[in-house]
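# missing the sequence, but the structure's below:
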């Protein structure tokens with residue numbers, strides 16, 4: 001196979017995200033689905049992860065993206081596709097900006113002329129009010145616990161989620177956990193990591209250490225900061241930009257309550273409620289995107305409801321996700337769109353991370369991947 005014929009697809013994780021951690025592939029469902037679709041289209045492709053740190057500054061994360069592609073894409077003319085989830089979508093936009101100054105050599109950015117498509121999935125292009133909360137003392141602790149919950153839930157999986165819920169219950173519930181006792185944080189972390197193998201334990205501990213030490217991206221995705229980001233970050237006229245947008249149901253809905261059937265589900269539902277509450281607080285000064293008539297109809301059709309400034313996926317406001325062509329819109333929470341949802345078929349292949357009450361299914365996930373593939377391979 002010639003290097004010119006090979007497509008290169010890069011997955012860029014967002015906050016709390018990773019490439020591989022403790023034996024788990026964060027993008028495994030997206031990767032598997034796109035591999036099948038590219039193969040069915042007769043398009044040879046290589047899929048790779050970008051090892052972006054979880055909460056470091058966008059500029060630092062973008063330097064890692066630039067270096068990863070430069071070191072692995074080869075010197076041919078094979079098309080390059082960038083797919084960024086959440087904050088990873090901002091990394092993609094920043095690295096592609098013609099006037100960006102990342103502090104790297106021109107050689108490390110030479111590959112940009114080969115980029116055909118850039119897809120952002122639930123990315124906070126106009127910021128998220130949740131980031132403002134995360135900068136507070138209690139919010140910083142919440143961020144740490146959310147990171148712990150996410151990585152352990154995804155890497156350990158069933159049936160250890162039940163063990164994890166018992167650990168949470170043993171420390172007095174969600175209020176005590178976010179109350180500010182740092183010894184409690186240490187005890188909870190140690191207790192949870194006991195259920196992870198020794199090698200994975202070290203990787204997760206290192207991941208959590210990065211969250212504690214460097215939270216530059218948190219400040220940078222506040223709506224106030226994203227106003228400046230959008231003013232300074234240009235789009236590349238030679239690249240197709242597309243986006244995926246979703247909205248999850250507001251907590252308290254009847255069908256949401258009916259799905260809480262275990263201590264773990266109840267605990268994560270409480271977390272989701274808190275996340276949703278802060279994510280729904282739209283700024284009066286720094287508005288989100290104003291959807292076109294087509295986008296407004298697309299959003300309404302996908303979500304079967306009007307989308308407002310309060311609509312969000314539990315992390316990112318829906319109207320903040322719009323950038324470029326809207327490829328897919330529907331009901332899903334922040335990680336459902338990556339394939340981390342409550343599976344509606346047996347045997348179960350998908351694992352949910354938090355109980356949001358969304359009605360995401362394998363069929364809808366397939367539709368997301370179809371839309372991304374069609375956009376990337378569009379002639």
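Nice, I can see it. Keep in mind that this is a model prediction, so the values were computed, not measured.

# could you find the closest non-adjacent residue to residue 214?
Closest residue in space to residue 214, ignoring its immediate chain neighbours: residue 56 at 4.7 Å, by C-beta to C-beta, 6 or more residues apart in numbering. C-betas here are computed from N, CA, C, even on glycine.

# can you tell me the SS state at that neighbour?
Three-state secondary structure (criterion: DSSP: H, G, I helix; E, B strand; the rest coil) places residue 56 in coil.

# for it, give me its contacts.
Taking C-beta atoms under 8 Å, 6 or more residues apart in numbering as the definition of contact, the neighbours of residue 56 are 210, 214, 216, 217.

# in the stretch 101-250 of the chain, which spans are strands?
With DSSP state E, counting those that start in this stretch as the definition, the stretch 101-250 of the chain shows strands at residue ranges 115-121, 240-247.

# now the residue nearest to residue 214: how far from residue 30?
From residue 56 over to residue 30 the distance is 22 Å, taken as C-beta to C-beta, to the nearest Å.

# can you count the residues close to residue 135?
Under the neighbour criterion other C-beta atoms under 10 Å, residue 135 is assigned a count of 13.

# isn't residue 295 right up against residue 322?
Yes. Using C-beta atoms under 8 Å, residue 295 is in contact with residue 322, at 6.4 Å.

# sorry, back to before: could the strands of the stretch 101-250 of the chain be laid out in a markdown table, adding distance to residue 231, mean pLDDT and mean neighbour count?
A markdown table is the format used below for the strands of the stretch 101-250 of the chain (distance: least, C-beta to C-beta, whole Å; pLDDT from 0 to 100; neighbours: other C-beta atoms under 10 Å):
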| stretch | distance to residue 231 | mean pLDDT | mean neighbour count |
| --- | --- | --- | --- |
| strand 115-121 | 18 | 98 | 25 |
| strand 240-247 | 17 | 98 | 25 |
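
# what's the closest of the ones you listed to residue 273?
Between residue 273 and the strands of the stretch 101-250 of the chain, the shortest gap by C-beta to C-beta is with strand 240-247, which sits at 15.5 Å.

# got the angle between the closest one and strand 115-121?
Compare the direction of strand 240-247 with that of strand 115-121 by axes from the mean of the first three to the mean of the last three C-alpha atoms, to 10 degrees and you get 10 degrees.

# what's strand 240-247 packed up against?
strand 115-121, helix 293-303, strand 325-331, helix 362-376 (3 or more C-beta pairs under 8 Å, 6 or more residues apart in numbering; DSSP states H and E).

# show me what contacts residue 302?
The contact partners of residue 302, by C-beta under 8 Å, 6+ apart, come to 328, 329, 330, 331.

# how close does it get to residue 250?
When distance is defined by C-beta to C-beta, residue 302 is 17 Å away from residue 250.

# repeat for residue 53
For residue 53, the distance to residue 250 (C-beta to C-beta) stands at 32 Å.

# repeat that for residue 312.
For residue 312, the distance to residue 250 - C-beta to C-beta - is 9 Å.

# the two: which has the busier surroundings?
Between residue 312 and residue 250, counted using other C-beta under 10 Å, residue 312 has the larger neighbour count: 33 against 16.

# so which elements touch the longest helix along the chain?
The helix of greatest length in the chain, counted in residues with DSSP state H as the criterion, is given as helix 137-156. Counting contacts by 3+ C-beta pairs under 8 Å, 6+ apart, helix 137-156 is packed against helix 129-134, helix 160-170, helix 182-193, helix 198-213, helix 263-279.

# least confident of those helices, on average?
Note on these: helix 160-170 shows the lowest mean pLDDT, a mean of 56.

# pLDDT below threshold where in the stretch 1-150 of the chain?
In the predicted model of the stretch 1-150 of the chain, residues 1-4, 16-24 satisfy pLDDT under 70.

# tally of neighbours for the closest residue to residue 125 other than its chain neighbours?
Distances taken as C-beta to C-beta, 6+ apart put residue 323 closest to residue 125, at 4.4 Å, once the chain neighbours are dropped. Residue 323 has 23 neighbouring residues, counting by other C-beta under 10 Å.

# pretty sure residue 323 sits against residue 123.
Yes. At 6.9 Å, residue 323 counts as touching residue 123 under the criterion of C-beta under 8 Å.

# list residues touching both of those two?
With contacts defined as C-beta under 8 Å, 6+ apart, the residues adjacent to both residue 323 and residue 123 are 89, 243.

# enumerate every residue touching the closest residue to residue 28 other than its chain neighbours.
Take residue 28 and drop its neighbours on the chain: the residue closest to it by C-beta to C-beta, 6+ apart is residue 339, 7.3 Å away. The contact partners of residue 339, taken as C-beta under 8 Å, 6+ apart, are 28, 29, 30, 33, 350, 365.
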